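Peer 1: Got a sequence here, can you model it:
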Amino acid sequence: MLSLCSSGIVEVLLCRHKARNALGYVFVSQLRNLVSALSNDSVAKVVVFRSLVPGVFCAGADLKERAGMNPAESDLFVHGLRTLMTEIASLPMPTIAAMDGAALGGGLELAMACDLRTAAYTAQMGLIETTRGLLPGAGGSQRLPRAVGLALAKELIFTGKRLGGQAALEIGLVNRAVEQNQSGDAAHGEALSLAREILPQAPVAVRLAKEAMNRGMEILPPPSSSPPPFCFQVIHTRDRKEGMAAFLEKRPPRFTGE
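Peer 2: You can find the predicted model right below:
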């Protein structure tokens, strides 16, 4: 859902309530359509991604849906998810993710596809895929090292650690972190404040500055590039199946390294 918050600020509203904004096939398709429309929107000077679901920004990939996919379907889904993140990162105007709640797995990858991030101290975020027998497949394994450094990114991905807003601010994962308020939208308010600081600047200059910085980063392999083929071997592992089963059965996974 799109909303014109104020002159020049457009919001993408995540509102898949029952599934906690989990990234299922239809939801990803809808988001891609919205992002495609925004790419040619001359009114939008800043885009804010926020959630209307209390306590959650995005719970990541819809594992219940994904558990029923065969390897080919899973590969196709991950490709679509990765394409969505690339399209968000490629939007010409600045983008801000407002995390007032959990941003896990693909949810954090969505936030990292944005240029800037705000978070409430109570928000929880992390690339937790290894706890499900998976690995970040939508750009997170490339974007996180660029945000926090390679060694720290490896630690966070290897352990599946979750961070609060304050810790995320300290390592540079988010730009601003604030105390949560009674209405549960403090990060959203901070995102709007940040957006309003951008609005007075020359729109063409801002867009070109974004393009210049993004192109400058392309001296390294771009985050939008597909992971090496060997990464998809994880789809065929017993650990992946065990991770899916453990999630559905609400129990700790028992990984065997197979």
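Peer 1: list the contacts for G106?
Peer 2: By C-beta atoms under 8 Å, 6 or more residues apart in numbering, the contact list for G106 reads L23, C58, G60, A61, L81, A138, G140. (C-beta placed from N, C-alpha, C; glycine too.)
Peer 1: Could you tell me which of those residues are located in helices?
Peer 2: L81, G140 (DSSP state H).
Peer 1: ok, so of the contacts of G106, who is nearest A245?
Peer 2: A61 (15.7 Å; C-beta to C-beta).
Peer 1: That closest one is in contact with R20, isn't it?
Peer 2: No. Taking contacts as C-beta atoms under 8 Å, A61 lies outside contact range of R20: 11.6 Å.
Peer 1: When you compare pLDDT across the contacts of G106, which one is lowest?
Peer 2: Least confident of those in the model: A61, at 79.
Peer 1: Need the phi and psi values for the nearest residue to it once chain neighbours are set aside.
Peer 2: When the adjacent residues along the chain are set aside, A61 lies closest to G106, with 4.4 Å between them (C-beta to C-beta, 6 or more residues apart in numbering). Main-chain torsions, G106, degrees, to the nearest 10: phi -60, psi -20.
Peer 1: nearest spatial neighbour of R162, skipping sequence neighbours?
Peer 2: G126 (4.0 Å).
Peer 1: now the contacts of G106 in TSV, with distance to P71 and neighbour count?
Peer 2: What follows is these, written out as TSV (distance: C-beta to C-beta, whole Å; neighbours: other C-beta atoms under 10 Å):
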residue	distance to P71	neighbour count
L23	19	29
C58	25	30
G60	20	27
A61	15	26
L81	15	24
A138	17	31
G140	21	27
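Peer 1: In strands only, show me the contacts of G106.
Peer 2: Of the contacts of G106, the ones assigned to strands by DSSP state E are C58.
Peer 1: In JSON lines, list the contacts of G106 along with distance to L14.
Peer 2: Below are the contacts of G106 laid out as JSON lines (distance: C-beta to C-beta, whole Å):
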{"residue": "L23", "distance to L14": "10"}
{"residue": "C58", "distance to L14": "6"}
{"residue": "G60", "distance to L14": "12"}
{"residue": "A61", "distance to L14": "14"}
{"residue": "L81", "distance to L14": "15"}
{"residue": "A138", "distance to L14": "16"}
{"residue": "G140", "distance to L14": "18"}
